Structure formats: structure tokens, C-alpha cells
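Asker: Predicted coordinates and the sequence they were generated for:
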Amino acid sequence: MSIHLLIESMQKLLKLHKSLLELSLKKTGILEKEDIQALTQLLKEEQAHILAIEKIEAERMRAASDRNLSDLLEEMPEPHKGMLEGISKDLWDVILKIQEQNDLNTSLISQSLKFISFSMSIVEPPQDDYNYGPNETGGQGKSLFSSKA
């Protein structure tokens, strides 16, 4: 296990997550403005961040020898232990903020979809039910096709 590589990868993860939080905050404004083009561009940026986070996380796992952070902290010498605990706490806080912001964005999207659905129901004429209804006769009555033809 390389302590320096582990700390470096954790710092990179923290930086990427902070940037992802900024994108989530920006997304809220874009959703409020209903700017589809800006949203599309932002989603591409988010996807690039997620791929980078996955890559750095794989590096962190290799540096940690596939062990979790709690186990590593127990074995780590004090100066590195405190630094890693601080980075871990900051990362956890940023992840929680991202989750809260994503919940808000999900709510905004849901409200927009409900509004669109409501608007469409007002604009569209009601559809007549051509297949079933009170004027249908079960077997007796006029047929659409003449059997004499």
C-alpha cells in the first residue's frame, strides 16, 4: 500500500466531487430556465466527471489494496491518518451535498413533467372510444361486412 498514492487519489476524488457539486448547482438553474441545450451540454460534462471519478476510484482501490478506508486508518501512522480522515470527511460532506442537490433537481424535473402532461391534456382534444361503448351490440345487429357479397 502506498500512503502517498492513496492520499493523492483521495484529494483528486475530493476535487472531482466538488466540481460535480458545482455542476449539480448549475443544473438547478438550467432546469429552472428550462434551457434544453444547456442541459444537454451539462449532462455531457457530468458524464465526463463520473468517468473520471470511476477512474480515480479504481486507482484509490489499487493504492488501498482493495481494503476499505476504516481498516486502513487503524493501521496508518498519525500524520497521514489525520490528513486522510480530514479528506474523507470533506469528501463525505460533498457527496451528501451532491445527493441533496440531485434530489432537488429530480423534484424540478418531476414537476416539469407533470406540468407538460397537464398542458398536453388541455391542448389535446379528448379521444373518442371507438372500440367499446354503449352503442355496441354483442352479436346481433348490423355487421360492417355483407355476407352476401
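Answerer: Received the coordinates, thanks. Numbers count the residues shown, from 1 in each chain.
Asker: all contacts plus neighbour counts: C-alpha atoms, from now on.
Answerer: Fine.
Asker: Give the residue spans of the protein that score low on pLDDT.
Answerer: Across the chain, the ranges flagged by pLDDT under 70 are 1, 125-149.
Asker: run the last query once more with 90
Answerer: 1-3, 34, 63-81, 112-113, 115-149 (pLDDT under 90).
Asker: element containing the residue nearest the centre of it, please.
Answerer: Computing the C-alpha centroid of the chain and ranking residues by CA atoms, centre = their mean puts residue 102 first, at 6.6 Å. In this structure, residue 102 is located in helix 78-123 according to DSSP states H and E.
Asker: by contact count, what packs against that helix?
Answerer: Applying 3 or more CA pairs under 8 Å, 6 or more residues apart in numbering; DSSP states H and E, one finds that helix 78-123 contacts helix 3-33, helix 69-75.
Asker: of all those, which lies closest to residue 119?
Answerer: Of all those, helix 3-33 sits nearest to residue 119, with 17.5 Å by CA to CA.
Asker: just to revisit the earlier point, mean neighbour count, the helices and strands packed on helix 78-123: which tops it?
Answerer: Comparing the helices and strands packed on helix 78-123 by mean neighbour count (mean count of other CA atoms under 10 Å), helix 3-33 comes out on top with a mean of 18.
Asker: After it, which helix or strand is next? Please name it.
Answerer: Later in the chain than helix 3-33, the nearest helix or strand by DSSP H and E is helix 36-63.
Asker: tell me the angle that next one makes with helix 3-33.
Answerer: 160 degrees (axes from the mean of the first three to the mean of the last three CA atoms, to 10 degrees).
Asker: List the buried residues of helix 36-63.
Answerer: Using 16 or more other CA atoms under 10 Å as the test for burial, helix 36-63 gives 39, 42, 46, 49, 53, 56-57, 59-61, 63.
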